[in-house]
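Chemist: Please find the sequence and the predicted model below.
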Amino acid sequence: MQLVINTYGSYLQKNGDCFKIRTDEKVFEVSCRKVSSILISTAAYITTDAIKMAMENNIDLVFVDEFGDPYGRVWHPKLGSTTLIRRKQLEIAETERGLGLALEWVKTKFNNQIDLLKRLRKTRPHKSAEITSYIEKLGNTMAGLDSLAGTIEECRGTIMGIEGSGGRIYFEALSSLMPDRFRFNGRSRNPAKDEFNTLLNYAYGVLYSNVEKACIIAGLDPYVGFIHTDHYNKKSLVFDLIENYRIWADETVVNLFASRKVKAELFDRIPNGFTLNKDGKAVLLSSFNTFMDESVRYRGRNIKRSNIIQFDCHRIANELIK
């Protein structure tokens, strides 16, 4: 489970083999063996004993800002695996094999989006024709990836152009399914200009931290990407890999609106947009963590969604050095 601390002035300490959390409202404990990561989104006190126990149990402490973006983490200093993995990662980044990986991830993103729209179509028969049209547009856009060959350097612009076109179609489709009050005009980032994107950005931020952790444990270098270019302190591989999993955040947010759990009181207005307040974060993270803890059938096995990212990162690392 992911332990989330979003109450101002919370106190996190060690008590035996448990994390003890104190707030003004309550005190509770959770075994360190049940915690996979600790997400801190507000001002909090943390003892060094609690940090040490987290490091000893491979539990990362992730600090996120008001938009859900990770701005720091505390992690043990050990390399996740052999350095050979990172050497191979660098070697294939500019080869046809690197392009193959990049195309696999982008196609997975497209197929996930199409599958979600198909599921949403089943419960919205009055919108069936409209959703079908969006599905067909996405399929036609994705087909542009099939003719690409060479290296990622030669194809990067085309890939990102196709990906951008698909994103505009996909989010237009999702907006059309929202209640009139919450329809939105495409993607907007920090600050988000609407409630849908406010929720989505925060959920994506949580995913970013999960993908980075999985890369580190598997021995992959988060900074050596394929689709996304190298920039100072840019975790390019994290931006690449997250495309496989954004759909989980998308589906969680869509379901919150469909179940009428999204209220105006969950958001605070700021200049040029919105942020989630404490109650909004609690509603989102509760639903997202429940969704991530569900077991699904994946590559021939039953596995929790929360473990799929790590499973995939180990698979990629093994393929690099086999």
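Modeler: Thanks, I have it. Not measured: the values here are computed from a predicted model.
Chemist: low pLDDT regions in the chain?
Modeler: For the chain, the stretches with pLDDT under 70 are 77-81, 230-233.
Chemist: quick one: contacts of stretch 96-104?
Modeler: 92, 145, 148-152, 155, 159, 226-227, 240, 316 (Cβ atoms under 8 Å, 6 or more residues apart in numbering). C-betas here are computed from N, CA, C, even on glycine.
Chemist: Make TSV out of the residues you listed and add distance to Ala192 and neighbour count.
Modeler: Supplementary listing: the contacts of stretch 96-104 in TSV, determined by distance: Cβ to Cβ, whole Å; neighbours: other Cβ atoms under 10 Å:
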residue	distance to Ala192	neighbour count
Ile92	36	17
Leu145	29	19
Leu148	32	17
Ala149	38	11
Gly150	37	10
Thr151	35	16
Ile152	30	24
Cys155	31	19
Ile159	26	20
Phe226	28	27
Ile227	24	23
Asp240	23	20
Ile316	31	21
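Chemist: Output those residues as a markdown table; include the columns distance to Tyr202 and secondary structure.
Modeler: A markdown table is the format used below for these (distance: Cβ to Cβ, whole Å; DSSP: H, G, I helix; E, B strand; the rest coil):
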| residue | distance to Tyr202 | secondary structure |
| --- | --- | --- |
| Ile92 | 34 | helix |
| Leu145 | 30 | helix |
| Leu148 | 33 | coil |
| Ala149 | 38 | coil |
| Gly150 | 38 | coil |
| Thr151 | 36 | coil |
| Ile152 | 30 | helix |
| Cys155 | 32 | helix |
| Ile159 | 27 | helix |
| Phe226 | 26 | coil |
| Ile227 | 24 | coil |
| Asp240 | 21 | helix |
| Ile316 | 27 | helix |
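Chemist: burial count for Thr275?
Modeler: Neighbourhood size, Thr275 [other Cβ atoms under 10 Å]: 20.
Chemist: That one falls within a helix, correct?
Modeler: No. Thr275: not assigned to a helix; according to DSSP: H, G, I helix; E, B strand; the rest coil it is strand.
Chemist: Look up phi and psi at Arg124.
Modeler: Main-chain dihedrals, Arg124, degrees, to the nearest 10: phi -130, psi 60.
Chemist: and what of the one 4 residues further on?
Modeler: Ser128 has phi and psi values of phi -60, psi -50 when expressed as degrees, to the nearest 10.
Chemist: which residues touch it?
Modeler: Listed by Cβ under 8 Å, 6+ apart, the contact set of Ser128 reads Arg121.
Chemist: for the residue most central in space within the chain, what are its contacts?
Modeler: For the chain, Leu207 is the residue whose C-alpha lies nearest the centre (Cα atoms, centre = their mean; 2.4 Å). By Cβ under 8 Å, 6+ apart, the contact set of Leu207 is Ile242, Tyr245, Arg246, Trp248, Ala249.
Chemist: In helices, which of these fall?
Modeler: Counting by DSSP state H, the contacts of Leu207 place Arg246, Trp248, Ala249 in helices.
Chemist: For Asn185, see how far away the closest residue to the last one other than its chain neighbours is.
Modeler: Read it as Ala249. In space, and not counting its chain neighbours, Ala249 is closest to Ala203: 3.5 Å by Cβ to Cβ, 6 or more residues apart in numbering. As for Ala203, its distance to Asn185 is 20 Å (criterion: Cβ to Cβ, to the nearest Å).
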